[in-house]
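A.B. asks: just to be clear, the model below is a prediction. Sequence and coordinates:
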Amino acid sequence: MKKISYKNILSILMIVTGALLAAFSVACILLPNDAIDYGTAGIAIIISKLTGLNLSVCVFIILLPFVVVGGITMGKKFLIKTIAGSAAYMVGLEFFEAIPFELNTEHFIAVIFGGAILGGGLSLILRFGGCIDGSEILANVIVSRLSQKKGLNMSMTGILLGFNACVYTAAFILINRNSALLSLLVYIIATAVIDHFTDRFEAIKQVTIITKNPDKIVNWIRKDMKKTCTVMDSAGAVSGDNKTIICYVTYFELQKFREYIKDLGDNTFVTVTTIDEIMLSH
């Protein structure tokens with residue numbers, strides 16, 4: 001039986017902490033100030049407001065299919081972390097909604113403060129390999145499938161912007177314009193915080209691997225990651241002749257890379273770079 005490592009336990013604890021921070025922001029700051037979260041949580045809040053259904057139940061119903069898809073496409077470790085984060089988020093919503101909490105300040109300032117806390121919580125979750133937003137899982141799946149089928153390496157930015165544009169349009173039509181505008185401010189603040197701590201998680205990541213034993217890594221990239229890569233000859237001043245492998249992945253796929261490289265056990269040098277755009281000539 002494989003032992004549970006200290007790092008895995010720490011990751012779960014950080015993800016749970018981030019989920020509780022996000023739940024506190026939504027339940028105690030954003031909702032009382034007429035703002036909503038973004039992504040699938042935003043959809044759940046809109047449904048809850050329109051139907052009167054319990055918010056945690058709406059979050060569970062909306063998020064469940066995305067979690068299942070994420071577990072199938074991104075593996076057991078991602079599934080465990082996502083379930084832990086989602087469960088903590090839903091329990092946190094129930095707990096914090098029952099606590100009287102009021103910020104004696106303007107809606108605008110409260111929403112900025114709430115968006116920053118939300119962004120901090122989500123940053124913790126993403127940094128430690130989890131996710132509690134179905135839109136991010138959906139975007140990752142779409143980008144991964146396009147990479148496998150068409151060989152296209154693209155960022156998740158456009159998909160996430162389109163998804164959230166639909167959420168805020170729904171809020172504008174079904175709730176009110178003030179709620180939609182305040183919620184858009186939440187999105188801007190939260191994503192700015194997330195980008196700062198995750199180096200723009202929605203962007204393409206270039207993984208550069210320098211190794212003397214490339215065959216095993218290349219086979220893993222092709223079979224497990226279902227991706228292609230570039231292999232070049234290289235030489236180090238000390239290490240001598242090497243091979244350099246370059247592969248493009250999403251932020252969530254990068255977590256699988258980290259786990260794999262960590263278990264290699266040989267002298268492999270890896271760097272990760274954020275890529276703004278990849279252009280192809282035809």
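C.D. replies: Nice, thanks for sending it over.
A.B. asks: which residues are contacting whichever strand or helix holds Ala235?
C.D. replies: Element membership for Ala235 (DSSP states H and E) is strand 230-236. The contact list for strand 230-236 (C-beta atoms under 8 Å, 6 or more residues apart in numbering) reads 210, 214, 218, 241-247. (Glycine included, C-beta is placed from N, CA and C.)
A.B. asks: quickly name whichever of those residues is closest to Leu20.
C.D. replies: Cys247 (34.7 Å; C-beta to C-beta).
A.B. asks: check the spacing between the nearest residue to the closest one once chain neighbours are set aside and Ser183 real quick.
C.D. replies: Spatial nearest neighbour of Cys247, chain neighbours left out: Cys229 (4.1 Å); criterion: C-beta to C-beta, 6 or more residues apart in numbering. Look at Cys229 and Ser183: by C-beta to C-beta, to the nearest Å, they are 40 Å apart.
A.B. asks: any chance you could map the strands in the chain?
C.D. replies: For the chain, strands defined by DSSP state E occupy the ranges 204-211, 230-236, 240-249, 269-275.
A.B. asks: isn't the residue nearest to Cys247 right up against Lys243?
C.D. replies: No - with contact defined as C-beta atoms under 8 Å, Cys229 does not reach Lys243; the gap is 10.8 Å.
A.B. asks: next, count neighbours for the nearest residue to Tyr89 once chain neighbours are set aside.
C.D. replies: Using C-beta to C-beta, 6+ apart and skipping the chain neighbours, the partner closest in space to Tyr89 is Ala19 (4.1 Å). By other C-beta atoms under 10 Å, the residues close to Ala19 number 26.
A.B. asks: any idea how far Ala19 lies from Ser48?
C.D. replies: 18 Å.
A.B. asks: now do Glu277
C.D. replies: Remark: distance between Glu277 and Ser48 (C-beta to C-beta) = 38 Å.
A.B. asks: ok, the two, which is more surrounded?
C.D. replies: Legend: neighbour count by other C-beta under 10 Å for Glu277 and Ser48, higher for Ser48 (20 against 9).
A.B. asks: contact partners for the more buried one?
C.D. replies: If you count contacts by C-beta under 8 Å, 6+ apart, Ser48 has them with 54-55, 58.
A.B. asks: next one: Leu55
C.D. replies: Counting by C-beta under 8 Å, 6+ apart, Leu55 has contacts 27, 44-45, 48, 93, 97.
A.B. asks: at 7 Å instead, please
C.D. replies: Contacts for Leu55 (C-beta atoms under 7 Å, 6 or more residues apart in numbering) come out as 44-45, 48, 93.
A.B. asks: and Lys243, how many neighbours?
C.D. replies: The number of residues near Lys243, taken as other C-beta under 10 Å, comes to 17.
A.B. asks: what about the helices in the stretch 1-150 of the chain?
C.D. replies: Secondary structure of the stretch 1-150 of the chain (DSSP state H, counting those that start in this stretch): helices at 6-24, 39-51, 55-74, 76-97, 107-127, 134-150.
A.B. asks: turn the ones you listed into CSV, columns for mean pLDDT.
C.D. replies: Below are the helices of the stretch 1-150 of the chain laid out as CSV (pLDDT from 0 to 100):
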stretch, mean pLDDT
helix 6-24, 93
helix 39-51, 95
helix 55-74, 92
helix 76-97, 94
helix 107-127, 93
helix 134-150, 87
